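Trainee: take this sequence and fold it.
(chains A and B)
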Amino acid sequence: MIKILIRISLIFILINTSSFLAFSQGNPLFSNDETSDDTIITIDLDVENDTDTVQSNNHIQIIESKTAPSNILSKFLHSNSEYQKKLRSIISEKSHQLEITNDYWTIVWVLLISFLYGLAHSLGPGHNKIVVFSYFLSERPKIKDGIIMGNLAAFVHALSGMTVAFIILFVVKETTSASFDQSQAMRLSMLFSFGLITIIGLFLLIEHLKTRKETILSPSNNTSQKSIISMALAVGIIPCPGTMILVSFLATLGHVKLSIFAALFMALGMGFTVSSIGIATIFMKQKILGVIKNDQSRMQRIQKRLSIIGSLLIILFGLMFFLGAL
Amino acid sequence: MKQELKHIYRFFLISIFLLFIVTPKFINAHPHVFIDTKIKVYFDDKGMSGVKVSWTFDDLFSELMMDEFDEDFDEQFSKEEQKVIYSKAFTNLKKFNYFTEIEIDGKAFDIKYVTNFSAILDDGIMVYSFFIPCHVLANNTNRKIDIYTYDNSYYMDLSLASNDISFVKSQNYKITYQVAEATDKKYYFDQISPQVLHLTFRK
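Mentor: Coordinates of the predicted model:
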């Protein structure tokens, strides 16, 4: 187990450090094209202050706006974005306060908001929640496995982001004029992560196909810690851009120690969300199998099918995401 | 076993098909930067002359940009610093159509260039502004202009509100406008609808 952890950590460090050498686009704003045109064209825009608004002019009519999102998912994503924006604003305000007074409660506030920010951030698209769902569909985990995997994946994701942010801030920026964009590092780690997820899915599929239906419910087929850790590391290895921005922001203001703790609290928040997805999947599966607990043969059949479907989904999403990151 | 392999074979055929049609371009994208958009529509004697877009960035990102580009630490972007920002952190947006799509009477308008770029710091908050020249002749019937504002990679979350719309030299025209959700332009796996400014004007 320790050997596997060390090997994966070494690969992770290698991927992250080597990828800083190249920078490209991720944040759409940034260009590293040295030849890009730097001439700002200026035309006469007349009267800047002569502005007409609906309030002050009869010739302008406003039609009642329908800015409310049309469906539940869109509404949720919209509200979640607004919520994240507010949390980031509070973090900024409290962090600036710390420049004046090193108040203990302000630090607590920053950490608490970082936790909430992690929670809200991971509720948005991404964070491999679908892979976690597929994995627990495929395996036979216990509730505690859901907690371990969700939190481990979130911590690796945040620590990875923090590592990238620090290397960019304290190594790359000190030695080159590169901007803080980190997208090439991100892309390489994504390819590595999604490739790994696909391989794990393939291994699980082979294992499940080899397992005889009659023995599938035996304790020897319970999910191993090795499998959970491997999957959590594969899922979490991509540096979290949200953590990177938070850490860079706090470190830029001189709160380096606080930025480390903020990243950890953000990881706790993300871990809460990802664990909840894992636990919900495990709980749902247990409920489904619980209904037919007296029919051993049916249970075996369903478990076998879920295992195969789950591992196929892991392969599918791993491949989809891998191709998307190319 | 044979039956299972048959199912797996079918699953993979469907999966390969899906891979080609739904492979996401932007895997790791959920908003990391938040922008409040303001739109100012300019008119002249002939009709509409263009659109000025202003983006107010969120606090955290503004601080990072200040750290990156405010070389003299005066908490303002000088003309020289703005030139660097323009070159390093704005011109690339041409590839993304400056996060703006304009349709004139239902037809897409090609944004070839933008002018009057500025980047200012307002109490530590960064604001980008730029002007999109776009001439639309006015006549006695309504001209219909739709302005969509979004980043389809969802790296940036752009929001637009009705009270963020204003007009310049518009007294000679009758104008109606509405800020709405553009359900026909859903992006990011069809999950998010951008906001659109529907505008009509006539003499």
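Trainee: ranges for the helices of chain A?
Mentor: With DSSP state H as the criterion, chain A has helices at A:2-19, A:72-100, A:104-123, A:129-138, A:143-167, A:173-175, A:183-210, A:225-236, A:241-252, A:256-291, A:296-325.
Trainee: what pLDDT is listed against residue 81?
Mentor: Using chain A. The confidence metric pLDDT takes the value 87 at residue A:81.
Trainee: um, chain B though
Mentor: Residue B:81 carries a pLDDT score of 93 in this model.
Trainee: that one contacts residue B:66, correct?
Mentor: No: shown here, residue B:81 and residue B:66 do not form a contact pair, counting by C-beta atoms under 8 Å, at 10.0 Å. All C-beta atoms are positioned from the backbone trio N, CA, C, and that covers glycine.
Trainee: the helices of chain A: which one's closest to residue B:57?
Mentor: Checking those against residue B:57 by C-beta to C-beta gives helix A:72-100 as the closest, at 10.6 Å.
Trainee: and the angle for that closest one with helix A:256-291?
Mentor: If you take axes from the mean of the first three to the mean of the last three C-alpha atoms, to 10 degrees, helix A:72-100 sits at 150 degrees to helix A:256-291.
Trainee: quick check: buried residues in helix A:72-100?
Mentor: A:74, A:77-78, A:80-81, A:83-92, A:94-95, A:98 (16 or more other C-beta atoms under 10 Å in any protein chain shown).
Trainee: just for chain A, where's the confidence low?
Mentor: Flagging of chain A using pLDDT under 70 yields the residue ranges A:1-26, A:31-38, A:46-57, A:65-70, A:126-128, A:172-186, A:189, A:212-223, A:292-293, A:325.
Trainee: sorry, back to before: switch the helices of chain A over to CSV; also include distance to chain B.
Mentor: Below are the helices of chain A laid out as CSV (distance: least, C-beta to the nearest C-beta, whole Å):
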stretch, distance to chain B
helix A:2-19, 14
helix A:72-100, 3
helix A:104-123, 7
helix A:129-138, 11
helix A:143-167, 10
helix A:173-175, 9
helix A:183-210, 6
helix A:225-236, 12
helix A:241-252, 5
helix A:256-291, 11
helix A:296-325, 4
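Trainee: just these: most buried one?
Mentor: Compared across these, helix A:241-252 shows the largest average neighbour count, a mean of 26 (mean count of other C-beta atoms under 10 Å in any protein chain shown).
Trainee: ok, and what's touching that one?
Mentor: A:26, A:91-92, A:95, A:110, A:114, A:117-118, A:121, A:157-158, A:161-162, A:164-166, A:168-169, A:180, A:182, A:186, A:256, A:258-260, A:262-263, A:266-267, B:28, B:32-33, B:60-61, B:63-64, B:67 (C-beta atoms under 8 Å, 6 or more residues apart in numbering or on different chains).
Trainee: same check on stretch A:134-150?
Mentor: Taking C-beta under 8 Å, 6+ apart as the rule, stretch A:134-150 contacts A:132, A:201, A:204, A:208, A:217, A:221-223, A:225, A:227-228, A:231-232, A:271-279, A:281-283, A:285, A:303, A:306-311, A:313-314, A:317.
Trainee: redo that, cut-off 6 Å
Mentor: A:204, A:222-223, A:228, A:231-232, A:271, A:274-275, A:278-279, A:281-282, A:306-307, A:310-311, A:313-314 (C-beta atoms under 6 Å, 6 or more residues apart in numbering or on different chains).
Trainee: what's the span of it from first residue to last?
Mentor: End-to-end distance of stretch A:134-150 (C-alpha to C-alpha, to the nearest Å): 13 Å.
Trainee: now it, how far from the chain's geometric center?
Mentor: Distance, stretch centre to chain centre, for stretch A:134-150: 18 Å (C-alpha atoms, centre = their mean, to the nearest Å).
Trainee: what of stretch A:158-165?
Mentor: 12 Å.
Trainee: try stretch B:51-68
Mentor: With C-alpha atoms, centre = their mean, you get 14 Å for stretch B:51-68.
Trainee: what do you get for stretch A:229-243?
Mentor: On C-alpha atoms, centre = their mean, the centre of stretch A:229-243 falls 7 Å from that of its chain.
Trainee: would you mind writing the CA trace of that stretch as CSV?
Mentor: Once non-C-alpha atoms are left out, stretch A:229-243 reads as follows in CSV (Å, rounded to 0.1, in the frame of the first residue of the first chain):
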residue,chain,number,x,y,z
ILE,A,229,-7.1,5.0,-2.7
SER,A,230,-6.1,4.5,-6.4
MET,A,231,-9.4,5.8,-7.6
ALA,A,232,-9.4,8.8,-5.2
LEU,A,233,-5.8,9.7,-6.4
ALA,A,234,-6.7,9.3,-10.0
VAL,A,235,-9.8,11.5,-9.6
GLY,A,236,-8.2,14.2,-7.4
ILE,A,237,-4.8,14.6,-9.1
ILE,A,238,-6.0,17.5,-11.4
PRO,A,239,-5.0,20.8,-9.7
CYS,A,240,-8.2,22.6,-8.6
PRO,A,241,-8.2,26.0,-10.3
GLY,A,242,-10.5,27.4,-7.6
THR,A,243,-8.0,26.5,-4.9
